[in-house]
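> Return a 3D structure for these sequence lines:
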Amino acid sequence: MYRAGAHWGISAMVARARRFGRDRSGVAAIEFAFIVPVLLIMYFITMEASQAIETSKKVSRIGSMVADLVTQQQQVAKADLDAMMKIGSTTLLPYNRSLPTIIITGIQMSDEAAPTVKVLWSRKLVGKSYSVDAKSGDTTTVPATLRIRNTFLIRVESDLGYTPVIAWDGNAQQKSAGLLSTFSHINMSETYYLRPRRIATILCKDC
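All right, here's what the predicted structure looks like:
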């Protein structure tokens with residue numbers, strides 16, 4: 001009797017195992033549980049990539065727009081340059097996780113066969129702070145194709161430390177733990193050179 005009961009118990013367990021193996025009612029839920037995290041990761045990666053590309057385009061637009069505004073002037077002042085940089089920085093909106101650095105430099109080439117390249121004036125915006133960048137008379141560099149004697153150039157540099165959504169905690173502070181540390185700061189920058197449109201040299205009266 002004992003052996004028969006043991007045999008019956010084993011048979012019942014085997015039967016239940018077979019029924020469990022044939023049961024497909026929970027397969028969809030299990031597959032869904034495995035697939036959803038992958039789909040969410042793909043969604044966030046795609047969203048972040050598209051936002052980063054769009055922000056990079058806006059960083060380039062800052063340089064071109066500010067340079068275009070400056071080169072239309074015959075003379076500028078610090079207040080004018082500060083206003084132009086402020087206008088340029090607003091092109092990043094609605095992105096607001098970090099603030100840009102914008103530098104405007106007036107560059108004069110000397111009237112020599114091999115012209116020297118010097119800063120005539122400069123102005124920069126770092127976050128929300130305005131100040132002088134390079135001093136007047138400092139030597140600087142320009143591309144060889146733009147080094148033409150007795151000419152003037154406006155150079156605008158725009159730079160942004162892009163902070164992805166996945167690395168932002170809502171207080172403009174970057175998280176540095178684990179994999180996020182690799183992608184918590186992406187540098188985006190652009191440099192534009194333009195010549196004055198209405199006058200040979202654009203002076204800054206109080207820079």
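> and the most centrally placed residue in the chain, what is it in contact with?
Taking C-alpha atoms, centre = their mean, the centroid of the chain lies closest to residue 162, which sits 3.5 Å from it. By C-beta atoms under 8 Å, 6 or more residues apart in numbering, the contact set of residue 162 is 52, 55, 56, 97, 98, 185, 186, 187, 188. Using the backbone N, CA and C atoms, a C-beta is placed for each residue, glycine as well.
> my hunch is that the first one is in a strand, does that hold up?
The reference is to residue 52. No: the assignment for residue 52, made by DSSP: H, G, I helix; E, B strand; the rest coil, is helix rather than a strand.
> Okay, the closest residue to it other than its chain neighbours and residue 204: tell me how far apart.
With C-beta to C-beta, 6 or more residues apart in numbering as the criterion, residue 52 has its nearest non-adjacent residue at 6.1 Å, and that residue is residue 162. Distance, residue 162 to residue 204, using C-beta to C-beta, to the nearest Å: 31 Å.
> swap in residue 66?
Counting by C-beta to C-beta, the gap from residue 66 to residue 204 is 14 Å.
> same question, residue 127
Noted for residue 127: a distance of 22 Å to residue 204, by C-beta to C-beta.
> Show me what the residue nearest to residue 52 bridges to in the sheet.
residue 186 (DSSP bridges).
> Just after the helix or strand harbouring residue 104, pick out the following helix or strand.
Using DSSP states H and E, residue 104 falls within strand 101-109. Counting by DSSP H and E, the element after strand 101-109 in chain order, helix or strand, is strand 117-126.
> what comes up buried for that following strand?
For strand 117-126, a neighbour-count test (16 or more other C-beta atoms under 10 Å) marks 117, 118, 119, 120, 121, 122, 123, 124, 125 as buried.
> who's in contact with that strand?
Outside strand 117-126, the residues touching it (C-beta under 8 Å, 6+ apart) are 78, 81-82, 85-86, 89, 99-110, 130-142, 147, 152, 201, 203-204, 207.
> could you pull out the strands for the chain?
75-76, 101-109, 117-126, 129-131, 152-162, 186-194, 203-204 (DSSP state E).
> and the closest residue to residue 197 other than its chain neighbours, how many neighbours?
Closest residue in space to residue 197, ignoring its immediate chain neighbours: residue 71 at 5.2 Å, by C-beta to C-beta, 6+ apart. The local packing of residue 71 (other C-beta atoms under 10 Å) involves 20 other residues.
> doesn't residue 202 make contact with residue 71?
Yes: look at residue 71 against residue 202 with C-beta atoms under 8 Å: they come within range, at 7.3 Å.
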